[in-house]
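*Asks:* coordinates only, sequence not included:
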């Protein structure tokens with residue numbers, strides 16, 4: 001369309017030049033004819049430019065009338081304006097639909113940029129976090145969500161992807177689960193989900209387990225005391241029954257101890273007491289425990305870096321290491337090998353326990369840290385296992401920002417490794 005218009009314009013311009021040349025030739029007044037024609041041409045262009053300016057200054061008006069190329073220019077601009085208006089209407093409808101959907105989310109959601117400043121938030125965030133459009137948009141999110149745990153969690157989300165549980169900044173009775181999703185370059189979506197009901201149910205469960213465990217511990221201790229006395233005084237024909245009762249009571253006592261330990265680790269009052277921990281000395285004591293448990297039935301080896309210490313909670317770390325060593329002893333057949341290592345691997349302190357036991361099927365490995373989950377439950381009960389050892393290990397490692405790695409092959413044994421962050425590495429000379 002524009003090509004044809006410009007072709008006609010050029011043709012008319014050439015025709016005008018020919019007419020001017022002809023009139024100049026006929027009249028002999030070349031300069032006067034040329035100047036008059038040029039003046040008329042410029043005046044026509046200025047007039048159409050003025051109409052274009054007036055129209056653009058008030059785009060609601062209808063396009064001005066003109067002739068030739070200017071008529072086509074006005075029509076083309078009018079079409080572009082209508083297209084832009086339609087595009088803007090479609091974009092506004094899309095934005096309105098997006099805002100309607102996001103405002104319907106029950107979870108509080110907000111978007112932050114690479115400087116952690118808020119660029120957008122939905123109605124749920126406005127209500128839950130008490131945000132205001134006029135003053136809070138553009139503010140750093142840590143200025144509005146004032147919680148040290150939240151600030152520390154947000155600072156590492158570029159390197160790891162994790163979830164945070166925290167109380168609501170404006171109502172301690174509301175408990176939130178916070179997650180972050182990077183969805184555009186330099187932007188992250190932060191979602192605050194109200195998990196108060198789940199949190200309260202979990203707290204009730206923990207309190208129930210702790211209370212029941214405490215209530216059962218006293219009568220069980222009394223029962224164990226009487227069974228121990230009866231073992232040396234009862235008739236021979238009753239001794240097998242007394243021994244079986246004593247074994248079952250001991251297993252129940254171990255279960256209660258593990259339940260109380262797990263309840264302590266999960267309690268909100270519990271927090272790791274970080275101090276420089278002499279891991280080599282701790283492992284020397286655990287080596288004596290391992291030899292006592294094995295009773296010479298296994299080859300037990302300890303490979304310990306004596307200069308490597310750890311920043312952490314002594315009681316919790318000792319509990320985790322003891323559970324892994326006990327599991328290796330319990331589930332390794334007689335004549336097998338158990339190797340305990342404590343060393344520095346790629347600047348990370350690593351504690352590992354390798355055994356030559358039966359191994360664990362690959363399908364069961366992701367569930368090993370679940371409470372009461374057992375692989376070969378009959379064998380576990382015969383060995384006295386409670387099904388809580390690895391769950392305790394997992395909670396201890398989570399509190400120390402560490403992770404549990406499990407490698408196992410059926411018939412070849414297993415390796416359980418506790419990998420601690422390099423920030424907890426302490427070197428002693």
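*Replies:* Cool, got the structure. All values reported here derive from a predicted model rather than from experimental measurement. Numbers count the residues shown, from 1 in each chain.
*Asks:* only C-alpha atoms from now on, for both contacts and neighbour counts.
*Replies:* Noted.
*Asks:* which intervals of the stretch 301-429 of the chain have sub-threshold pLDDT?
*Replies:* For the stretch 301-429 of the chain, residues meeting the criterion pLDDT under 70 lie at 372-387, 429.
*Asks:* can you pull out the strands in it?
*Replies:* Ranges of strands in the stretch 301-429 of the chain, per DSSP state E, counting those that start in this stretch, are 308-312, 337-345, 348-355, 403-409, 413-419, 425-427.
*Asks:* right, so of those strands, which gets closest to residue 239?
*Replies:* Shortest separation from residue 239 across the strands of the stretch 301-429 of the chain is recorded for strand 337-345, at 34.2 Å, computed as C-alpha to C-alpha.
*Asks:* ranges for the helices of the stretch 101-250 of the chain?
*Replies:* For the stretch 101-250 of the chain, the helices identified by DSSP state H, counting those that start in this stretch occupy 123-128, 133-136, 141-144, 148-155, 196-231, 239-266, in order along the chain.
*Asks:* format those helices as CSV; extra columns: distance to residue 55.
*Replies:* Compiled in CSV, the helices of the stretch 101-250 of the chain are given as follows (distance: least, C-alpha to C-alpha, whole Å):
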stretch, distance to residue 55
helix 123-128, 41
helix 133-136, 36
helix 141-144, 46
helix 148-155, 52
helix 196-231, 60
helix 239-266, 72
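*Asks:* hang on, the earlier thing: residue 74 is nearest to which of the strands of the stretch 301-429 of the chain?
*Replies:* Each of the strands of the stretch 301-429 of the chain was checked against residue 74 via C-alpha to C-alpha, and the shortest separation belongs to strand 403-409, namely 69.2 Å.
*Asks:* pLDDT weak spots in the stretch 51-200 of the chain?
*Replies:* Residues of the stretch 51-200 of the chain meeting the criterion pLDDT under 70: 59-60, 68, 95, 98-104, 159-160.
*Asks:* could you list the domains of the chain?
*Replies:* Dividing the chain into domains by automatic domain parsing, as the record does, gives the ranges 2-98, 106-194, 201-266, 275-427.
*Asks:* how about the contacts made by residue 191?
*Replies:* Residues in contact with residue 191 (C-alpha atoms under 8 Å, 6 or more residues apart in numbering) are 107-110, 178-180.
*Asks:* nearest to residue 274, of the residues you listed?
*Replies:* For those, the nearest to residue 274 is residue 178 (25.4 Å; C-alpha to C-alpha).
*Asks:* quick revisit: including distance to residue 237 and mean neighbour count, could the strands of the stretch 301-429 of the chain go into CSV?
*Replies:* Output for these, formatted as CSV (distance: least, C-alpha to C-alpha, whole Å; neighbours: other C-alpha atoms under 10 Å):
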stretch, distance to residue 237, mean neighbour count
strand 308-312, 52, 21
strand 337-345, 38, 19
strand 348-355, 39, 22
strand 403-409, 44, 16
strand 413-419, 41, 21
strand 425-427, 58, 15
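*Asks:* format the ones you listed as a markdown table; extra columns: distance to residue 17.
*Replies:* As requested, the strands of the stretch 301-429 of the chain are arranged in a markdown table below (distance: least, C-alpha to C-alpha, whole Å):
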| stretch | distance to residue 17 |
| --- | --- |
| strand 308-312 | 93 |
| strand 337-345 | 88 |
| strand 348-355 | 87 |
| strand 403-409 | 87 |
| strand 413-419 | 88 |
| strand 425-427 | 90 |
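*Asks:* among those, which is nearest residue 174?
*Replies:* Of all the strands of the stretch 301-429 of the chain, it is strand 403-409 that lies closest to residue 174, at 29.1 Å by C-alpha to C-alpha.
*Asks:* please compute how far that closest one lies from its chain's middle.
*Replies:* When distances are taken as C-alpha atoms, centre = their mean, to the nearest Å, strand 403-409 is centred 22 Å away from the chain's centroid.
*Asks:* just the angle for that strand relative to strand 413-419, thanks.
*Replies:* Angle, strand 403-409 to strand 413-419, by axes from the mean of the first three to the mean of the last three C-alpha atoms, to 10 degrees: 170 degrees.
*Asks:* got the contact list for strand 403-409?
*Replies:* With C-alpha under 8 Å, 6+ apart as the contact definition, strand 403-409 has outside contacts at 359-362, 365, 394, 397, 414-420.
*Asks:* next, the angle strand 348-355 makes with it.
*Replies:* Relative orientation of strand 403-409 versus strand 348-355 (the same axes, to 10 degrees): 30 degrees.
*Asks:* what strands flank strand 403-409, and is each parallel or antiparallel?
*Replies:* The partner list of strand 403-409 in its sheet, established with DSSP bridges, is strand 413-419 (antiparallel).
*Asks:* which residues touch the strand it pairs with?
*Replies:* By C-alpha under 8 Å, 6+ apart, the residues outside strand 413-419 that reach it are 324, 348-360, 397, 402-408.
*Asks:* also stretch 329-342?
*Replies:* With C-alpha under 8 Å, 6+ apart as the contact definition, stretch 329-342 has outside contacts at 290, 293-294, 297-305, 308, 325, 328, 349-358, 383.
*Asks:* what separates it from the chain centre, distance-wise?
*Replies:* 36 Å.
*Asks:* go on, stretch 241-253?
*Replies:* Its chain's average C-alpha position is 45 Å from that of stretch 241-253, according to C-alpha atoms, centre = their mean.
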